[in-house]
Every structure is written in structure tokens, then in C-alpha cells.
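Asks: structure, please.
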Amino acid sequence: MKKVTIQDVARELNLSRNTVAKALNNSDTVSYETRYIVIEKAYEMGYSKLSPVVLNQFKLRNKIDETKTIVVLTRREISFFWNSIIMGISDELNTYGCKLQFNFISEEDEKNLVLPLDLQADVSGIIILSVFSKDYINQIVKHNIPVVFIDGPCNLQEITSYGDIIICESKDSVKRITNSLIEQGMTKIGFIGDITYCKTIYDRYMGYISALEEAGIKPDEKIIATYHVNTKFYKADEVEAALIDFPYMPEAIVCANDDIALYVMRYLNTKGLSVPGDVVVTGYDNVEEMSKVEPFLTTVRVGNQRLGRRLVQQLMWRLKNPNFPKEVIYIGVEVIFRESSKKSK
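Replies: The predicted model follows:
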């Protein structure tokens, strides 16, 4: 059988030999699309000198037409928030004909840098739902598998080179909620949320702070709980401990999420205090379970199933476009004002 040469490939595509040679060497001087047209044709014709790097990229692109396995990595979170995100991921992967492999990462595995065995198999892409340590993320990206993150560490630059990041807008929405409290005449406004954990919680805190400062209100550190706790205030006892430490009860408490808001309302109820009669409370996430709580909670709707679908869509795009710069994408949200943030007159 005749050996396939660069000239043979060039003749088939009606391109110059020089252009084909550069494309086969993955040169940036040749456009992205032209490179892949050349690589595809060379592969079909049996050209034997394709480099492993170029061949791997070719295979990545063509996995779009094959059954792909997508791995989702997360901690065992104890919030209702994640359920509908996972449903959205599953539904969207089904539309692409992909297999979903779900892996819970224990604290011990993260500490010891133990990755799921699935990553040793034929995995097309990874969706990361939790904010893992930098060392653990480094272990994941060593596999050179496309990654999409939801959220990230407070210093987002730590992971921007590793993959695409989808983030829900947080600062402006919480600022808007805090502004509404100030407009009602409230000045003693507290905040609860572990801002050491992730970018979105930090941004929510900054929205709260920004609203106070622009109104000329000095934040009272005595009614602000932003320190690190074991489950990031996802347990009632952590929220209660924060409230007990407050030297006085604020007029309003801005909570970093709906789970915290629920625990705050339950605690206030045990003390004979009503919401919003005695204390105004707000949340974030619009968790469906909160709709069962009276009074209805002022919150921020993320659209969790839509968010899950968007993670998959970005990963599918990345599989087709491995050489494009990594992206940080902010998803729009909707502030929902309900009874819990209306101060009694």
C-alpha cells in the first residue's frame, strides 16, 4: 500500500503543502477549523505521522458523535439546592446521548488526593459541583480531561486556567435585597454565611457590604458571622451558635442561602420572635422546600435545573473547541421579594 504523504493530503483538500504541514503540526498560524479539516482528512487517508497531541485533539472532537461518559464530582452536600441541579445535568446529558457517572468525594479522599477509579477509564468530560482544595483539583486536571466548574474558590484565579467556570450572579442581587431593607429604614442589619468557602458566598457578602457603605451605614461586625465553620452553616447548631454570639438581635438578617435563613427563622421562633414582625430575614437560592415555610422567604431564584443544563452545554461546547480560551460565565438570577423582608409598620 502506498505511503500517504503531506502532498497527498494537500491535493485532496486543494490546499498548499505548506498549509497542510503547518496544520498537521498544530500551528496557530493556521485557523482552528482548517487545522481540523486537515487532521480529519489525514486521519481518514491513513497518514502515519500524526503526533499524539494532534491525534488526541482529533479524537476529542469526534467524541461528540460517540457515546460519551461524563463524570460529575461532588461532596455529600446536605442542601436541597443541589437536587434539581443534578436533575438538570442528567436531563441535558440524555439529550446528547451521554452516560452520567456520579461520584461523591469524601473528606478523606480529598485530603489524601484519592480520585475516583472512573477517571482511569474512557471519560470525555468532568463537571465539578463542589469547591475542592487546590491540591485535589490539580490531581484531577492532570488527566487532561475537559472540566467545567460550578462556582470556585474566593480567589477565582486559582482555577481559571483549569477549565470553564459557571457562576450565578450574587453581588448585585444581594445588594438589591439589602437596599430594600435600608429603604424601609433599617440600619441594624446582620449577615450570616461562610465567605471563606466559595466565590458566590463571598460575592453575596460583598453585595451586602456595598449596600450598607453606599447608604453611609457602618457594618456592625458584632452581628456579622462570616467565619469558617465545619458545614458552612448548613447545620442548625452552627447557625444557632452564630445568633447566640450576637450581642443584640438585628432588625434584619441577610442570609447567604435559604438553608441558613430557615435555621434563623426556626431559632427566632424558639425565642418567641416572629418574622418579619420582630426580625426581617432574607435568603438566596429559592429552594422549593422554603415555600412550605411561613412567612414566605425573600430570596433569589437561580433556576437550578436550567443551571444544570447550562453546565452540560458548556462542557459539550468545550469538547468541540478544546483550544479556545477558558471562560468564566455569569448566569443571570431573579430577586424575589416576599413577606419575610417587609418590616411591620
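
Asks: for the record, mean pLDDT for stretch 93-103?
Replies: Averaged across stretch 93-103, the pLDDT comes to 87.

Asks: one more: stretch 12-27?
Replies: 89.

Asks: buried stuff in it?
Replies: For stretch 12-27, the neighbour count (16 or more other Cβ atoms under 10 Å) marks 13, 15, 19-24 as buried. Using the backbone N, CA and C atoms, a C-beta is placed for each residue, glycine as well.

Asks: what is the neighbour count of Ile86?
Replies: 18 (other Cβ atoms under 10 Å).

Asks: what about it, helix or strand, and which?
Replies: Under DSSP states H and E, the secondary-structure element containing Ile86 is helix 81-95.

Asks: the closest residue in space to Cys154 that isn't next to it in sequence and Thr196, how far apart?
Replies: Of all residues not flanking Cys154 in the chain, Tyr202 sits nearest, at 4.6 Å (Cβ to Cβ, 6 or more residues apart in numbering). Distance, Tyr202 to Thr196, using Cβ to Cβ, to the nearest Å: 8 Å.

Asks: over to Gly185?
Replies: Gly185 sits 32 Å away from Thr196, taking Cβ to Cβ as the criterion.

Asks: same check on Asp237?
Replies: 19 Å.

Asks: what ranges in the stretch 1-150 of the chain fall below the confidence cut-off?
Replies: Within the stretch 1-150 of the chain, the segments meeting pLDDT under 70 span 1, 52-53, 55-66, 77-80, 118, 120-121.

Asks: what are the ranges of the helices in it?
Replies: 6-13, 17-24, 32-45, 52-62, 81-95, 107-111, 134-141 (DSSP state H, counting those that start in this stretch).

Asks: determine which of the ones you listed approaches Gly283 most closely.
Replies: Evaluated with Cβ to Cβ, these place helix 81-95 nearest to Gly283, the distance being 10.7 Å.

Asks: name the nearest residue to Glu213, sequence neighbours excluded.
Replies: That would be Pro219: by Cβ to Cβ, 6+ apart, it lies 7.5 Å from Glu213.

Asks: that neighbour in helix, strand or coil?
Replies: coil (DSSP: H, G, I helix; E, B strand; the rest coil).

Asks: so it touches Ser210, yeah?
Replies: No - the pair Pro219 / Ser210 is not scored as a contact, 10.3 Å apart, by Cβ atoms under 8 Å.

Asks: just to revisit the earlier point, so the residue nearest to Cys154 is in which element?
Replies: Per DSSP H and E: helix 199-214 holds Tyr202.

Asks: try Ala242
Replies: helix 236-245.

Asks: I'd like the next helix or strand past that helix.
Replies: strand 252-255.

Asks: thinking again about what came up before, more neighbours: which of Gly185 and Thr196?
Replies: More crowded of Gly185 and Thr196, by other Cβ under 10 Å: Thr196, with 14 against 9.

Asks: who touches the residue nearest to that one when sequence neighbours are not counted in this structure?
Replies: For Thr196, ignoring the flanking residues on the chain, the nearest one in space by Cβ to Cβ, 6+ apart is His228 at 4.3 Å. Neighbouring residues of His228 by Cβ atoms under 8 Å, 6 or more residues apart in numbering: 194, 196-197.

Asks: one more: Asp172?
Replies: Gly207.

Asks: for it, give its distance to Thr178.
Replies: Counting by Cβ to Cβ, the gap from Asp172 to Thr178 is 11 Å.

Asks: now the common contact residues for those two.
Replies: Listed contacts common to Asp172 and Thr178 are Gly207; contacts here mean Cβ under 8 Å, 6+ apart.

Asks: can you list the buried residues in stretch 67-84?
Replies: 68-75, 79-84.

Asks: start to end distance for that stretch?
Replies: This stretch, stretch 67-84, spans 24 Å end to end (Cα to Cα, to the nearest Å).

Asks: report the central residue of the protein.
Replies: Nearest to the geometric centre of the chain sits Ile150, at 1.3 Å (Cα atoms, centre = their mean).

Asks: that one against Asn304, yeah?
Replies: No - using Cβ under 8 Å, Ile150 is not in contact with Asn304; the gap is 10.4 Å.

Asks: joint contacts of those two?
Replies: Ile85.

Asks: columns distance to Arg309 on top of the buried residues of stretch 12-27, output as TSV?
Replies: Below are the buried residues of stretch 12-27 laid out as TSV (distance: Cβ to Cβ, whole Å):
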residue	distance to Arg309
Leu13	37
Leu15	39
Thr19	39
Val20	39
Ala21	42
Lys22	38
Ala23	34
Leu24	37
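
Asks: rewinding a little: closest to Ser344 out of the helices of the stretch 1-150 of the chain?
Replies: Per Cβ to Cβ, nearest to Ser344 of the helices of the stretch 1-150 of the chain: helix 81-95, 29.4 Å.

Asks: is Pro146 in contact with Ile126, as I believe?
Replies: Yes - counting by Cβ under 8 Å, Pro146 does reach Ile126; the two are 7.1 Å apart.

Asks: how many other residues sit next to Glu240?
Replies: By other Cβ under 10 Å, 15 other residues sit near Glu240.

Asks: identify the residues contacting it.
Replies: Shown in contact with Glu240 (Cβ under 8 Å, 6+ apart): 263, 267.
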